[in-house]
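Undergrad: next one to model:
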Amino acid sequence: MSVRIRTLRTFILCLAVLCSATGLIAFENGDYRSKWGGTWETPALWETYNGSAWVNANSIPPVNISGSVFVRHNLSCYSDLNLTGKIEITNQLYLRSGSSLVINPGADLSLMGNLRLDDQALLINDGEILVSGNNRSITLEAGSVFTNNASLHSTGNRFSFNQLSSSTLILGKQGSITGSGSFTANHHCTIQIAHPQGLDGAIGLGGNENFDQVYFVFNGTEPQITGTSMPTSALGIVFANPAGTFLSQNISIVEKVLVTQGSTLDFGTNILNRAYWGAGHFIMETGSTLYTAHPQGISSTGEVGSVRLTQRDFSSYGNYGFNGNQPQEISNFTTVPATDPEGRVVVGNIIVDNDAGVSFNDPLLILEQVIVNSGTAVGNVQIDGNESLVDGIDSSYYYHRFEPNGVPIRAYRPHTDILNNQQSAIRRRWVITGNFTGTKRVTFFWDAADDNGLNWSDGIPVVKKGNQILRSELFDTHSNPRWITVDITDLNSRANFSILMNGDDTLPVQLSSFDALPIQGDKIRVRWVSQTETALSGYYILRSTESVLAKAQIISPLIAATNSSNLTSYSFDDRELYSSGVYYYWLQSLDLDGGTQYHGPVMANLSFSDPQTPQPQLVTGLKELFPNPFNPDLSIAFELAIDSRYDLAIYNQRGQLVKNLSSGLKNAGAYKLIWDGRDNRGIACSSGTYLIILDTADQRSIKRATLVK
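TA: Next up, the predicted model:
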């Protein structure tokens, strides 16, 4: 609607211009027009329309112009004009030093000649400027300011907008210069842009656009881009938009880039370079924010990352976001002015929104929050604030790692020390404050020196959470640091964790498979196969319509365990189902000593109109690894009981990803793949024990293989 109204107004204004040029315009009582050139403030050069004819005026036009004024000659103006009507310029109007012209909403300036601004002159357009005819121009001289909050449109030929050195052009949110013509901004001009589309939306003339070492300011109030029409080099840029400005392309800087307090600059993968004839200085003010998707993030030295100016003053009280789509690694990063006695790099907040993860190679002190929306923040990260939100974090400072799984920990605040003197426990202990509902996988690390005299050949590690014992197949007590990985469920406010040694190196239960399948009679059969059982009381089955353990309910009696060292198969038929849909199942194993483990969830899709029959001949999971030990190739066999999406990957002793071997959607069947002993970069792995992990939507299967060279 606004476009149609603007088009109609432009048509009416063009028609008025045409009528004026042909002498057909209807003048109104009180209109003014010039008789000859001179200064605006000379009464003798004006005549006024009395309703029927033009007569000599006794005064100059009023400074508050509500009618029409026709500038037919070369005039210099020293007054402050406030336009609510119309000014038509067919020759030249020269706003001299100290003068101003304000075009109010609904008012029009018709330019069929030239408009020029002297030093310290001011032009504000909140109405409309229409340029028509040939060889028209607007010129801003040094020291002048043109604030354009509305439309300046050219329909003529060879219109030129000329911004001379040290002049200022301010383009508001709705301000635009469009149509036919050319634009020239000379050295040391300033162009301020609030338009959401940046330079692309603010200046769109059809002819040449030339920016000769200009200062740009992006000061919008809603998200904006710099625009792809930005020049490849600029004298400097100021980013002053709290809603954020996105850098649309690489730009070389001669002098300075400033990100003002409270403003946000998003680089994407683009770069601010140092111009070869300048030094370049990057400055962040307190409370400003940077986002980068560049794989190298930001760095304080070298031709690395998003900022490559000679001097880089990253703020100790600034915020740093990393939103790439591939792994990002941050190195040689320093901030000013704050320093840390331990040599840590001080920052305000860290934000990670990268599924591939972000690694910080410099130790960090976070004054406020770490926010990990997706992926994992990896590094020696110390947090002072109390309100962090993390999905995945791997902190060598706190000796633990949470894997990202879409279940964020709110109000996350970790602590660790080596003051645990409990018997049969390592010295390191953890206190994790925060809350989440669901399940998170956490890996705890500790140094060999913190073993507290424990001989791991006598037993295996278990995690003690409060009074609950958590056991796991994922651990390594021979590496340094040592580690164990467990799943924890539902953290509410605060939990204490420690690592104990279990004298029996056999877990109460090790599962070979766990699945759930619809069967005839509108039932779902839950099946599991235990590899070994020791000191196990039995099992419970839990069910939910959501994949959240906290919302599941026990639906079975205690199913007694056999406590056999041989494979044992179990099944439970869920008969109390009354509607079609997706159901999630967990298996809870109860130890004789009171400990519990949860397995799952596994999923089954029940359709009352199309029941399925289980296929017992295939069991989802890893099968034979051959040869084991191996060098260099390892044959990995696995089965999928049903059509499944799967991920088959190799991890090292610390649980870190080494190789994404295969993933995708496969039909039910038996498969075999070869791992050549190389990581994701194609580099041959060193000798050691590796974890082969098969993940499907409803279960995980793990086996160990040893590479010997």
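Undergrad: what ranges does the stretch 501-650 of the chain have for its strands?
TA: Ranges of strands within the stretch 501-650 of the chain are 509-519, 523-533, 536-544, 553-554, 559-560, 568-574, 581-591, 596-606, 621-626, 634-640, 644-651, based on DSSP state E, counting those that start in this stretch.
Undergrad: please identify which of the ones you listed is closest to Leu140.
TA: In terms of C-beta to C-beta, the element of these nearest to Leu140 is strand 644-651, at 60.9 Å. For glycine as for every other residue, the C-beta is placed from the backbone atoms N, C-alpha and C.
Undergrad: same for that closest one, what does it pack against?
TA: Using 3 or more C-beta pairs under 8 Å, 6 or more residues apart in numbering; DSSP states H and E, the elements in contact with strand 644-651 are strand 634-640, strand 657-666, strand 688-696.
Undergrad: could you rerun that using 6 Å?
TA: On a contact count with 3 or more C-beta pairs under 6 Å, 6 or more residues apart in numbering; DSSP states H and E, strand 644-651 meets strand 657-666, strand 688-696.
Undergrad: neighbouring strands - and their directions - for it?
TA: Take DSSP bridges as the rule and strand 644-651 pairs in its sheet with strand 657-666 (antiparallel), strand 688-696 (antiparallel).
Undergrad: nearest to Ser99, of the strands of the stretch 501-650 of the chain?
TA: Nearest of the strands of the stretch 501-650 of the chain to Ser99, taken as C-beta to C-beta: strand 644-651 at 71.3 Å.
Undergrad: tell me which residues in that closest one are buried?
TA: By neighbour count with 16 or more other C-beta atoms under 10 Å, strand 644-651 contains the buried residues Ser644, Tyr646, Leu648, Ala649, Ile650, Tyr651.
Undergrad: which residues touch that strand?
TA: The contact list for strand 644-651 (C-beta atoms under 6 Å, 6 or more residues apart in numbering) reads 657-663, 665, 690-691, 693-697.
Undergrad: between all of these, which two are separated the most?
TA: Distance extremes for the contacts of strand 644-651: the farthest pair is Leu665 and Tyr690 at 25.4 Å, using C-beta to C-beta.
Undergrad: between the two, which is the more surrounded one?
TA: More crowded of Leu665 and Tyr690, by other C-beta atoms under 10 Å: Tyr690, with 21 against 9.
Undergrad: tell me where the chain has helices.
TA: Assigned by DSSP state H, the chain shows helices spanning 2-21, 198-202.
Undergrad: middle-most residue in the chain, spatially?
TA: Relative to the mean C-alpha position of the chain, the nearest C-alpha, by C-alpha atoms, centre = their mean, is the one of Asn323, at 3.9 Å.
Undergrad: give me every residue that touches that residue.
TA: Counting by C-beta under 6 Å, 6+ apart, Asn323 touches Tyr291, Ala293, Asp353, Asn354.
Undergrad: what's the spacing between it and Ile393?
TA: Separation of Asn323 from Ile393 (C-beta to C-beta, to the nearest Å): 16 Å.
Undergrad: cool, and Leu83?
TA: Distance, Leu83 to Ile393, by C-beta to C-beta: 60 Å.
Undergrad: again, but for Ser537
TA: The gap separating Ser537 from Ile393 is 35 Å, by C-beta to C-beta.
Undergrad: repeat for Thr184
TA: Counting by C-beta to C-beta, the gap between Thr184 and Ile393 amounts to 52 Å.
Undergrad: who has more neighbours out of those two?
TA: Using other C-beta under 10 Å, the more surrounded residue of Thr184 and Ile393 is Ile393, with 28 against 17.
Undergrad: domain-wise, how is the protein divided?
TA: Here the domain parsing of the chain from automatic domain parsing is 412-502, 509-606, 621-707.
Undergrad: so who does Tyr584 touch?
TA: Residues near Tyr584 by C-beta under 6 Å, 6+ apart: Ser544, Ser547, Pro601, Met603.
Undergrad: these two touch, right, the third one and Ser547?
TA: Yes - using C-beta atoms under 6 Å, Pro601 is in contact with Ser547, at 5.4 Å.
Undergrad: higher neighbour count, the two?
TA: Pro601 (24 against 17).
Undergrad: nearest residue to that one other than its sequence neighbours?
TA: Among residues not flanking Pro601 along the chain, Tyr584 sits closest, at 4.1 Å (C-beta to C-beta, 6 or more residues apart in numbering).
Undergrad: where's that neighbour relative to Thr39, distance?
TA: 85 Å.
Undergrad: show me the shaky parts of the chain.
TA: The chain contains residues with pLDDT under 70 at 1-25, 503-508, 550, 593-595, 609-617.
Undergrad: ok, and the closest non-adjacent residue to Asn29?
TA: Distances taken as C-beta to C-beta, 6+ apart put Gly51 closest to Asn29, at 4.3 Å, once the chain neighbours are dropped.
Undergrad: separation between the one you found and Ile393?
TA: Counting by C-beta to C-beta, the separation of Gly51 from Ile393 is 80 Å.
Undergrad: try Val582
TA: Val582 sits 31 Å away from Ile393, going by C-beta to C-beta.
Undergrad: kindly report the same for Arg678.
TA: 28 Å.
Undergrad: got it, and Gly677?
TA: From Gly677 to Ile393 the distance is 30 Å (C-beta to C-beta).
Undergrad: now Ser137
TA: For Ser137 relative to Ile393 (C-beta to C-beta), the value is 60 Å.
Undergrad: do the same with Val526
TA: In terms of C-beta to C-beta, Val526 sits 34 Å off from Ile393.
Undergrad: what does Val372 give?
TA: Using C-beta to C-beta, we find Val372 at a distance of 6 Å from Ile393.
Undergrad: what is the neighbour count of the nearest residue to Gly181 once chain neighbours are set aside?
TA: Distances taken as C-beta to C-beta, 6+ apart place Phe159 nearest to Gly181, at 3.2 Å, with adjacent residues excluded. By the criterion of other C-beta under 10 Å, Phe159 has 27 neighbours.
Undergrad: same check on Ala107?
TA: For Ala107, the neighbour count with other C-beta under 10 Å is 21.
Undergrad: same check on the one 3 residues further on?
TA: The number of residues packed near Ser110 is 24, by other C-beta under 10 Å.
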